[in-house]
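# Kindly generate the corresponding structure for this input.
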Amino acid sequence: MVFVLRWSAAFLACCWRASEAAMTCTFASLTLRHGDLPIDLDTRFEPDITQYSATLDFAMDRFSVNVRPDTGCEATGVPKEPVPVRIGESTTLTLYARQLNTGAQQEYAVTVSRLLGSETELLHLAVEGGHMQPMYDPKVRSYAVHMQLAYDHIRIVYRLLDNGQRVSASARKQHPSGHALPMAGETTTRNSNTRNSSVADNSSHGKWDPRGHDQHSRRLAAKHVPRAGEIQQTDASVFFMLDVGFSRTLEVSVQATDPTQASIGTYRLHVSRAACSPKLPYFHPLKKICVRFCPTGLYKNEAMHRCSYCNTKCKQCKNLLECHMCVPDTVDYSYTLQPDGQCKASANHLFKQYQWWCAGLGVLLLFLVLVGCVSLWQLCCTTRASYRRQNL
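Modelled structure (predicted):
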């Protein structure tokens with residue numbers, strides 16, 4: 001009997017808690033904005049999470065709150081006008097989701113702070129296909145990065161702390177791993193005045209890419225999943241080349257948003273890439289693996305330990321300037337190997353380009369001529385025979 005009473009009491013308590021939870025209201029959505037610009041929450045909004053924080057850019061002096069309560073609930077404590085925030089300070093708003101029938105309410109707290117404008121840290125920094133040591137910390141300025149063999153370039157993915165920050169990236173000349181570093185003056189530099197600038201360059205300069213990717217691990221996967229919807233901070237990236245078995249030092253400089261403070265912070269990345277083994281000494285640029293023999297159209301580059309492409313129109317070569325065999329002739333061009341080791345392309349004449357068409361047309365004309373001659377001979381024979389019959 002006592003057991004039955006205890007079980008009944010526990011059951012009633014669970015039912016009471018369930019009914020109480022069912023009566024509790026929540027927000028279906030909660031967003032912050034500065035005019036038309038979105039403001040990111042530190043944690044993606046979930047109705048069950050009640051504590052949030054956000055950071056305003058230096059240029060954002062106020063923010064607005066937009067909430068949507070669940071059905072049967074109302075939102076209270078939501079400011080009708082934008083809330084001002086001073087430089088370097090923060091403010092906390094307490095919002096409530098209130099049940100219309102019972103008056104039960106759920107509390108949400110949102111703390112919003114504003115940047116000073118002197119920050120030179122990046123919110124996020126990573127290298128695609130690379131393992132960073134130590135794990136990224138905005139306060140740590142120097143890292144060692146070990147690249148995977150399959151990656152022919154260094155892609156630095158970064159996210160600004162403040163949209164007004166300006167980023168420039170530079171790289172020293174690459175050197176074989178284990179050798180002395182080049183002089184600091186031997187660098188290539190690319191500046192970015194805005195975070196979504198895009199520059200294409202075939203040299204060792206950086207190439208900027210505005211595509212956004214969201215990844216917070218040490219090593220970024222080859223395929224990124226962009227963050228969906230409106231976001232305050234997007235990702236950008238910069239490219240630098242790195243050969244197999246070589247190392248390179250990169251510097252990413254961040255200039256503060258406030259021009260009156262002129263603060264600049266620099267992140268240094270010491271990047272090294274694995275080398276091929278002596279048994280498989282050459283890197284295949286298409287298969288992304290080390291091989292012993294290079295395929296057609298590529299040659300063994302001993303200096304770079306990779307299979308490099310032959311010159312244009314060359315099928316087999318010893319190096320970039322010495323070709324042994326040209327590519328096969330096409331309908332439009334014929335290729336001839338020159339004494340200097342290069343392949344010369346010569347445009348084919350109209351007849352040579354369409355020689356099979358011309359041959360077919362010639363056969364057709366010949367056939368028509370033969371048919372015409374036979375028909376004419378038959379007509380003459382028929383006419384002569386008819387004339388003889390009439391005379392007889």
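
# can you tell me which helix in the protein is longest?
helix 355-391 (DSSP state H).

# what ranges do the helices span in the stretch 251-392 of the chain?
Applying DSSP state H, counting those that start in this stretch to the stretch 251-392 of the chain gives helices spanning 350-353, 355-391.

# Which of the ones you listed has the highest mean neighbour count?
Of all the helices of the stretch 251-392 of the chain, helix 350-353 carries the top mean neighbour count, a mean of 12, counting by mean count of other Cβ atoms under 10 Å. For the C-beta atoms, the positions are set from N, CA and C on the backbone; glycine is no exception.

# quick one: average pLDDT of that one?
The pLDDT scores in helix 350-353 average 54.

# and Leu123, what does it touch?
138, 159-161, 233 (Cβ atoms under 8 Å, 6 or more residues apart in numbering).

# how about 6 Å then?
159, 161, 233 (Cβ atoms under 6 Å, 6 or more residues apart in numbering).

# Cross-check the contact I'm expecting between the last one and Leu161.
No. Using Cβ atoms under 6 Å, Gln233 is not in contact with Leu161, being 7.8 Å away.

# quick one, which of these two is more surrounded?
More crowded of Gln233 and Leu161, by other Cβ atoms under 10 Å: Leu161, with 22 against 19.

# How about the residue nearest to Leu298 when sequence neighbours are not counted: which residues does it bridge to?
Among residues not flanking Leu298 along the chain, Cys307 sits closest, at 4.0 Å (Cβ to Cβ, 6 or more residues apart in numbering). The partner list for Cys307 in beta bridges (DSSP bridges) reads Lys300.

# ok, now which ones touch Cys307?
282, 284, 294, 298.

# Same question for Leu125.
By Cβ under 6 Å, 6+ apart, the residues touching Leu125 are 136, 158.

# how much space is there between it and Gln255?
Leu125 sits 16 Å away from Gln255, going by Cβ to Cβ, to the nearest Å.

# Over to Leu161?
With Cβ to Cβ as the criterion, Leu161 and Gln255 are 12 Å apart.

# Also Pro295?
Distance from Pro295 to Gln255, by Cβ to Cβ: 46 Å.

# between the two, who's got more neighbours?
The neighbour comparison of Pro295 against Gln255 (other Cβ under 10 Å) goes to Gln255, with 20 against 10.

# pLDDT value on Cys326, please?
Per-residue pLDDT puts Cys326 at 92.

# mind checking which helix or strand of this structure has the lowest mean pLDDT?
Least confident element among the helices and strands of the chain, by mean pLDDT, DSSP states H and E: strand 219-220 (a mean of 36).

# The following helix or strand past that one pairs with which strands, parallel or anti?
Next along the chain after strand 219-220, taking DSSP states H and E as the criterion, comes strand 235-241. In the sheet, strand 235-241 lines up against strand 153-160 (antiparallel), strand 207-209 (antiparallel) (DSSP bridges).

# With distance to Cys73 and mean pLDDT as added columns, please give these in TSV.
Formatted as TSV, these follow (distance: least, Cβ to Cβ, whole Å; pLDDT from 0 to 100):
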stretch	distance to Cys73	mean pLDDT
strand 153-160	35	94
strand 207-209	44	40
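
# With adjacent residues omitted, what lies nearest to Cys317?
Per Cβ to Cβ, 6+ apart, closest to Cys317 is Cys310, 3.9 Å.

# cool, Thr266 as well?
Ser253 (4.8 Å).

# how about the one you found, what does it touch?
The contact partners of Ser253, taken as Cβ under 6 Å, 6+ apart, are 168, 264, 266.

# which regions of the chain lie under the pLDDT threshold?
For the chain, the stretches flagged by pLDDT under 70 are 1-23, 178-229, 349-357, 391-392.

# mind running it again at 50?
Across the chain, the ranges flagged by pLDDT under 50 are 4, 15-21, 180-181, 183-186, 193-225.

# can you put the strands paired with strand 235-241 in a markdown table and add mean neighbour count?
A markdown table is the format used below for the strands paired with strand 235-241 (neighbours: other Cβ atoms under 10 Å):
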| stretch | mean neighbour count |
| --- | --- |
| strand 153-160 | 21 |
| strand 207-209 | 20 |
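
# Please produce TSV containing those strands, extended by distance to Asp70.
Converted to TSV, these look like this (distance: least, Cβ to Cβ, whole Å):
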stretch	distance to Asp70
strand 153-160	33
strand 207-209	41
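
# out of these, which comes closest to Cys276?
If you check each of the strands paired with strand 235-241 against Cys276 by Cβ to Cβ, strand 153-160 wins as the nearest, at 17.2 Å.

# Just give me how far the closest one sits from the chain centre.
Distance of strand 153-160 from its chain centroid, counting by Cα atoms, centre = their mean, to the nearest Å, is 9 Å.
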